[in-house]
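*Asks:* Quick check, what structure comes out for this input:
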Amino acid sequence: MSQSESTYTLKERAYSSIRRMIETGELGRGSRVSNRKVAKQLKMSAIPVREAITQMVGEGLLDHRPGIGTYVVNPTRIEIDDIYELREVLESYAARRAAQVSSDRGLAEMKQSIELIRQIKAQGDKTTSEEDRTKLGVQTAEADSTFHMAVLRRAGNLLAMRTITGLRLISRVFNQCQPAVRLQGIDVVIDEHTEILQAIESGDVSAAGKLMRKHIRGGRKHALKHFDDQQREKLDIYDNGRIMIDFEDKIRHPEYDG
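*Replies:* As a prediction, the model looks like this:
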């Protein structure tokens, strides 16, 4: 193996490791990502780690602040809403395009991802181990992503695929949460993925687009609720049982800082 190939392989390993640390919450939103610290943790030189971090900055997963440092992105409520709005438009379009394809391209991958999510649900129902549920939560997100990427590949629009891949990565960073929360709603995901697959496989263009739009809107609603719940937890809104801050007003008027 040449030196350049070795560096590239290490970069991929560093990238995968940092991604997993972000997705599991080991590196929380807004956390600083130290090149040297990560390199030491992964027992590799700083060069591949720096290259992986640079790639993640370009993808929008990390935010580099010159002279200050690099941090895991911490999307605002408006940014989260914007991400899902774009995904709704692009992915419903992709689903319609996918339903127009006459070959079997991508169908097997969609079916496999749905079956994998079913298996994850069965395992999640049997375990109370937080460590196991954390792993299952990450696997659920990966299987969900596999389904959506299969739809995009079947649609065949490479620009839409690159754009949505970036948006989904940021969505996954935001969706860091407790394992139990990750596995909530898994039945809905299975049912909605199955309906989308059936519409695509049968060539029902209108249904495929509508079902994907509904699916993304559900994710958007859940993500915004999760954001609001987290903000409520951070605010000291009670004093001897009396509400001191009108949280809903703060959500409507984010410029208000109390």
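*Asks:* From residue 60, how far off is residue 119?
*Replies:* 31 Å (C-beta to C-beta, to the nearest Å). Placement of C-beta: from N, CA and C, glycine included.
*Asks:* Next, count neighbours for residue 23.
*Replies:* 20 (other C-beta atoms under 10 Å).
*Asks:* Please apply the same query to the one 10 residues further on.
*Replies:* Neighbourhood size, residue 33 [other C-beta under 10 Å]: 23.
*Asks:* Identify the residues contacting it.
*Replies:* 18, 27, 53, 62, 69, 70, 71, 72 (C-beta atoms under 8 Å, 6 or more residues apart in numbering).
*Asks:* Now tell me which helix or strand of the protein has the poorest mean pLDDT.
*Replies:* strand 238-239 (a mean of 46; mean pLDDT, DSSP states H and E).
*Asks:* Just the pLDDT for the spatially most central residue of the chain.
*Replies:* Central residue of the chain (C-alpha atoms, centre = their mean): residue 172, 2.0 Å from the mean position. Predicted confidence (pLDDT) for residue 172: 70.
*Asks:* does it really touch residue 23, like I thought?
*Replies:* Yes - using C-beta atoms under 8 Å, residue 172 is in contact with residue 23, at 5.8 Å.
*Asks:* joint contacts of these two?
*Replies:* residue 141.
*Asks:* leaving aside the residues next to it on the chain, what's closest to residue 151?
*Replies:* With C-beta to C-beta, 6 or more residues apart in numbering as the criterion, residue 151 has its nearest non-adjacent residue at 5.1 Å, and that residue is residue 98.
*Asks:* Quick check: which element contains that neighbour?
*Replies:* Secondary structure assigned from DSSP states H and E places residue 98 in helix 77-99.
*Asks:* Same question for residue 70.
*Replies:* Residue-wise, residue 70 maps onto strand 69-72 under DSSP H and E.
*Asks:* Give me the contacts around that strand.
*Replies:* Applying C-beta under 8 Å, 6+ apart, the set of residues contacting strand 69-72 is 22, 27-35, 53, 57, 61-65, 173.
*Asks:* Please repeat the previous calculation with a cut-off of 10 Å.
*Replies:* Outside strand 69-72, the residues that touch it by C-beta atoms under 10 Å, 6 or more residues apart in numbering are 18, 21-22, 27-35, 50, 53-54, 56-57, 61-65, 173, 176.
*Asks:* So of the contacts of residue 33, which two are at opposite extremes in space?
*Replies:* 18 and 69 (14.6 Å; C-beta to C-beta).
*Asks:* between those two, who's got more neighbours?
*Replies:* Neighbour comparison, residue 18 and residue 69: the larger count goes to residue 18, with 24 against 12 (by other C-beta under 10 Å).
*Asks:* so who does the more buried one touch?
*Replies:* Going by C-beta under 10 Å, 6+ apart, the list of residues near residue 18 reads 26-27, 33, 38, 41-42, 49, 52-53, 55-56, 61-62, 72.
*Asks:* So which of those sit within strands?
*Replies:* 62, 72 (DSSP state E).
*Asks:* before we move on, the earlier item: in the strand holding residue 70, what counts as buried?
*Replies:* Using 16 or more other C-beta atoms under 10 Å as the test for burial, strand 69-72 gives 70, 71, 72.
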